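Starting from these lines, generate the structure:
(2 chains)
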Amino acid sequence: MSLLTTLARLEAVRSGRAEPLATVRHRHLSDRPMVLVPLTAAGESGAPLAVMLGTDRDAPRLHLVPQPLNRTLRFDFLAELAADLLPYLESFADDVEQIEGSEKDPETGEKTQVFRELCADAPQLIVPNGAGVHHLALIGRSTRFRRTVEDNEPGPYPAPVRVPLLGRWLTHLTDRAQVPGSSLLLPMTGLLARHWATGQSHLEDQHLAARLAWHRPPPGLTGAEAAELAESARDEHGQLLHPPAGPATDPRFDESVLAPAITRYDSAVGALQHSTEQRDEAAAERARAAVRAAVEQLQAVLTAVLLPTWRDVWQGLDLLRTLPPAGHLEERWTGDRWSYTGHRDRLAAGEPPQPRQDDAVTAARKLAQREREQARLDVQEALDDPLAMAEHRLAGEAFSGVVTEVVPDWDTTGRSPKPRPLVTLRTADRPHADLGKEVHRVHGPSAQKAEVVAVDAAEGTVTLRVLSGMGRKKEPEPGSLPEPGEPVTFTLFELTVRQSAPLPEPDDTPWTHGGPPGAAPAPARSTAEDPSASEEWE
Amino acid sequence: MNVSTNVPLGGPAEPLAQRLAELRGPAPQRSLNARSLAALAANPGCHRRAVLDAAGVDKSVLAARLGRPAPFGQSPFAIARGVIFESRLKADDYAPLLEPLRRHLGVPADGHTPLLVPDLLQRSGPAVRADRTAQALALAAADPEAWTLLDHPLLRLDVAGSTAYLEPDALVVHGGRCTVVEIKSFPVLDGSADPAKVGAAARQAAVYVLALQQAAAAAAGQPLADDPYTEQRLPGSPRTSVLLVCPKDFGNRPTAVTVDVRRELATTRRQLSRMTGIGRLLDALPAGADFDLAAEEDGAPARSAEQLAASVEAVPAAYSPDCLSTCELGFHCRAQARCGDRVEQLGRGVRGELGSIRTVAEALAAAGPSTRTSTVTGTGTGDQDGAGGADDAAERLAYAAALRAEALGAPAPARAPGTDA
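Model (predicted):
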């Protein structure tokens, strides 16, 4: 957390309201996002209890597991979820555009023109918080290796057909969510935290309702008071007025509401089983009604617990939409569209599910990608948002000022003189600019480099020699240089992110990193430890 | 750090124990357990928690009386899951537990030596159970060939003059040494588990190891090693690696991992030795302050909420937002931190960033426009010595405030399209 963020938090403490941390919206928001609020059953990692989802804020759909310990019911639930979510995810697959590219023939080295498909849009999932992303990752991990009746060897417990596919999509989306700046799957708390500071700690900000309380505190209350009410106010039955955004539920809800409802379901199911065994049709009919009633009651209590968070997520989207989109959103969203298209293609090609652990080359690639995207995100946010640029200026990595003087000068060492004018600017910033340091002009007419030739700290001036971006002639192109009186910003970091050195193909993994996958150790592992074969059921 | 004061205290402890009992009043003492001892290590600087825990005050009740009840609770589903997993481990004469255990201790499964599971008199009182555990442990340690499993033994640990009883899930004794077994129901997924949960389990297990070390040292008539990282190889002494048994992936099959708890052990020892220094903290308490939660004969509480709040206020707390998830008084201390306008309410890191500035008002005053007179003073990075610490932080704040105001005040700069590629 930087000092600027801290300052915004301090201001929020004083004002009692959330304070801006950005002047533009730094994440893409889909026109048709899928909001998904999951709940997990306590005690067992990744055990789903319910999920509320939908693209229409007025029409949330609820799926639930009436007895979370029963894994057959759990897979029924996942099949329902797959039937609900997959059509949304797949609805973006068919509308494509052709992107021209070139491909090098590996043998002749000749470049040939190729066209690749890129989906015109991609899905976007919004969950309430970071724990929700983690929960989806666990569901993905627990389902993507499952065998179904369509497999050659379905095994003793085949899962419904579309469930492993759901697992692969969830794995892809949660994996992509690790990439800085990506927007296929976003937690609402994280989105809000990027754009506004509250007067509480990051830990407390994880509670979506408490976070939102700082944005719109009820009249007469400060953000802190409203947040505390959201955290702890309970009704006369001891139930939270604003249940946590999950995926974990409040223990007191589990104890006095959920557990009795599940027990009622269990006994109804027990009665139904008993009456079927006794061939007592009248009793069976009564029991079936009791099971239906028990499920309806579970639906009612879980809806009541999920709806506040559901509304909160939509309210968060409303808040974010009040900010104008940042300039580089399209570019980053294109990266997300490529990611979506790539996964679509892998599924279509019949590739196996994502492995439990990445091989060395894939892991290195992912890491390099995340580092590169982080660097790119930092630069792009700084270019899009003066508040983000202020972070760099505070850190001494950039400086803004007003041009006081432009002195023409030339480099005459070559055959023809090249323009190397001196630009002096007055700035209150204190960049870590040693003499000779290369700096880059922000928002100039073209990419422009300069070097620091003099710093007068007492006067607050920096003099730069402009090195490029002035055309090829002896005199700089008109308009390519800043004029005296013009505000300018220079950064000490480059404004485009360099590509890292290429990594080998997985098949060329060096022996130092375990060798190519599929070599010696792999087959032993895949037979002895086939995840779907060894994972015990019930 | 005089750790030898951890061994059972003699005469000098009596007035201390009495003083602590007075603080608590007639309410039943809430004894320390491994969890609460481990939680102390989470926030070592908090005098309030140290005093309340040493006095055995029920902090949940206290928090409720102060008007901000602790939000903690355990879901019945989580408890059920833990019980189911543990009972599965103990099925078939502990076979599912023993198999990973043998593998980790590097002892081949021979099948010849049967596992001894002595009766530890589970239904007796704690003193009897603890004596019985000590006896069974000594017996088991005497035979290096035997495999003995102590199921829910009870250990004693003297903390600041009062005895805490601790109940590990299991102890395995083989080769004259014992290993603490901690059974948890969070999964080890594809070879890794939630680090926060593993950390909590390790801190808890370290308390058991410490209790066993003290018992072994006392039994051998030797002092406990001064260095917590030294492993004393006494009969019946514990290994400093504990076995963490968790479900593997999403199933119920157990997997065991050894966790080295020496670091946690050192922390725990330091914490507990500090607790014996509690006398100093008590001396600072004003006369008449106490935490009596009991009710008078007519049912009215002995102390009003205001009296309790004043007593609590008399002991300084080291609040940080982490407290909300570990301490029953977290919400109370947060409210106080907010009332006091202290910067800790925003997190530990903020405190470090702001140097000697302690309150939000001070920080904002430093950031205010009035102080922004000396804009450029050298490179600003040269003087970082302690003397200029406050000024340095204030100056940086003022600088940050100016940048923020400029960025927020100015409309988004007009940009020539497509120029920053």
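
measure A:Phe253 to chain B for me?
9 Å (CB to the nearest CB, to the nearest Å). All C-beta spots, glycine's among them, are computed from the backbone N, C-alpha and C.

Verify the stated contact: that residue with A:Leu241.
No - in this structure, A:Phe253 is not within contact of A:Leu241 by CB atoms under 8 Å, at 11.7 Å.

The two: which is more packed in?
Taking other CB atoms under 10 Å in any protein chain shown, A:Phe253 and A:Leu241 do not tie; A:Phe253 has more neighbours (23 against 12).

does that one belong to a helix or a strand, and which?
Assigned by DSSP states H and E, A:Phe253 belongs to helix A:251-253.

what does B:Cys178 give?
Taking DSSP H and E as the criterion, B:Cys178 maps to strand B:177-183.

which helices and strands does that strand pack with?
Under the contact definition 3 or more CB pairs under 8 Å, 6 or more residues apart in numbering or on different chains; DSSP states H and E, strand B:177-183 sits against helix B:76-89, helix B:91-105, helix B:126-142, strand B:170-174, helix B:195-220, strand B:241-247.

at 7 Å instead, please
Secondary-structure packing of strand B:177-183 (3 or more CB pairs under 7 Å, 6 or more residues apart in numbering or on different chains; DSSP states H and E): strand B:170-174, helix B:195-220, strand B:241-247.

Kindly reformat those as CSV containing distance to A:Cys119 and mean pLDDT.
Shown next, in CSV, are these (distance: least, CB to CB, whole Å; pLDDT from 0 to 100):
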stretch, distance to A:Cys119, mean pLDDT
strand B:170-174, 55, 87
helix B:195-220, 37, 88
strand B:241-247, 39, 89
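
Export these as JSON lines, with columns for distance to chain A.
JSON lines is the format used below for these (distance: least, CB to the nearest CB, whole Å):
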{"stretch": "strand B:170-174", "distance to chain A": "20"}
{"stretch": "helix B:195-220", "distance to chain A": "10"}
{"stretch": "strand B:241-247", "distance to chain A": "8"}
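
nearest to A:Glu153, of the ones you listed?
strand B:241-247 (25.3 Å; CB to CB).

Tell me if stretch B:85-94 is near chain A.
No - against chain A, stretch B:85-94 shows no contacts by CB under 7 Å from any CB of the partner chain, the least distance being 9.2 Å.

what's that stretch in contact with?
Stretch B:85-94 has contacts (CB atoms under 7 Å, 6 or more residues apart in numbering or on different chains) with B:Pro96, B:Leu97, B:Leu115, B:Leu149, B:Ile183, B:Ser185, B:Val245, B:Pro247, B:Asn252, B:Pro254.

can you pull the buried residues of that stretch?
Within stretch B:85-94, the residues that count as buried by 16 or more other CB atoms under 10 Å in any protein chain shown are B:Phe85, B:Glu86, B:Leu89, B:Lys90, B:Tyr94.

Closest one of those residues to chain A?
B:Phe85 (9.2 Å; CB to the nearest CB).

Roughly how far does the closest one sit from A:Leu21?
The spacing between B:Phe85 and A:Leu21, counted by CB to CB, to the nearest Å, is 44 Å.

now swap in B:Ala130 and tell me
55 Å.

What of A:Ala457?
Going from A:Ala457 to A:Leu21 by CB to CB gives 30 Å.

quick one, which of the two is more surrounded?
A:Leu21 (23 against 13).

Skip the chain neighbours and tell me the closest residue to the more buried one.
A:Ala197 (5.1 Å; CB to CB, 6 or more residues apart in numbering or on different chains).

what is the one you found paired to in the beta sheet?
A:Glu19 (DSSP bridges).

okay, now it: neighbour count?
So A:Ala197, with other CB under 10 Å, has 26 neighbours.

same check, this time on A:Pro484
Around A:Pro484 there are 12 residues (other CB under 10 Å).

which residues touch B:Leu101?
B:Val172, B:Leu243, B:Ala256.

would you list the buried residues of stretch B:85-94 in a markdown table and tack on pLDDT?
Output for these, formatted as a markdown table (pLDDT from 0 to 100):
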| residue | pLDDT |
| --- | --- |
| B:Phe85 | 87 |
| B:Glu86 | 86 |
| B:Leu89 | 84 |
| B:Lys90 | 82 |
| B:Tyr94 | 80 |
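
can you tell me which of those lies nearest to B:Ala405?
B:Phe85 (56.7 Å).

My guess is B:Pro144 contacts B:Val173. True?
No - in this structure B:Pro144 lies outside contact range of B:Val173 using CB atoms under 7 Å: 9.6 Å.

Which one of the two is surrounded by more residues?
The neighbour count for B:Pro144 versus B:Val173, taken as other CB under 10 Å, is higher for B:Val173 (26 against 12).

how about the nearest residue to that one, chain neighbours excluded?
Leaving out its chain neighbours, the residue that sits closest to B:Val173 by CB to CB, 6+ apart is B:Ala140, at 3.8 Å.

tell me the pLDDT at that neighbour?
Looking at B:Ala140, its pLDDT is 85.

How about A:Pro521?
Per-residue pLDDT puts A:Pro521 at 45.

any idea how far B:Arg48 is from B:Val315?
For B:Val315, the distance to B:Arg48 equals 4 Å [CB to CB].

Compare these two and say which is more crowded by neighbours.
B:Arg48 (24 against 20).

does that one belong to a helix or a strand, and which?
Per DSSP H and E: helix B:47-55 holds B:Arg48.

List the contacts of that helix.
For helix B:47-55, the surrounding residues in contact (CB under 7 Å, 6+ apart) are B:20, B:23-24, B:32, B:36, B:40, B:43, B:59, B:160, B:274-275, B:278, B:281-282, B:291, B:312, B:315-317, B:327, B:329.

Buried only: go through these for me.
B:20, B:23-24, B:32, B:36, B:40, B:43, B:59, B:160, B:274-275, B:278, B:281-282, B:291, B:312, B:315, B:317, B:327, B:329.

and those near chain A, which?
When the buried ones among the contacts of helix B:47-55 are checked against chain A using CB under 7 Å from any CB, none falls in range.

domains for the chain, by residue range?
By default, I'm working from chain A. Annotated domains of chain A cover A:3-95+A:111-244+A:311-356, A:358-385+A:498-538, A:398-491 [automatic domain parsing].

Chain B, not that one
What automatic domain parsing lists as the domains of chain B is B:76-272, B:344-376+B:384-406.

comparing those, which gets the lowest mean pLDDT score?
Among the domains of chain B, domain B:344-376+B:384-406 carries the lowest mean pLDDT (a mean of 73).

Does that one reach chain A?
Yes - Domain B:344-376+B:384-406 is in contact with chain A by CB under 7 Å from any CB, via B:345-347, B:349-350, B:353, B:360, B:363-364, B:367, B:375-376, B:396-397, B:399-401, B:403-404.

Contact residues of the stretch 301-450 of chain A facing chain B?
Within the stretch 301-450 of chain A, the positions near chain B by CB under 7 Å from any CB are A:327, A:356-357, A:383, A:386-387, A:390, A:393-394, A:428, A:430, A:443-446.
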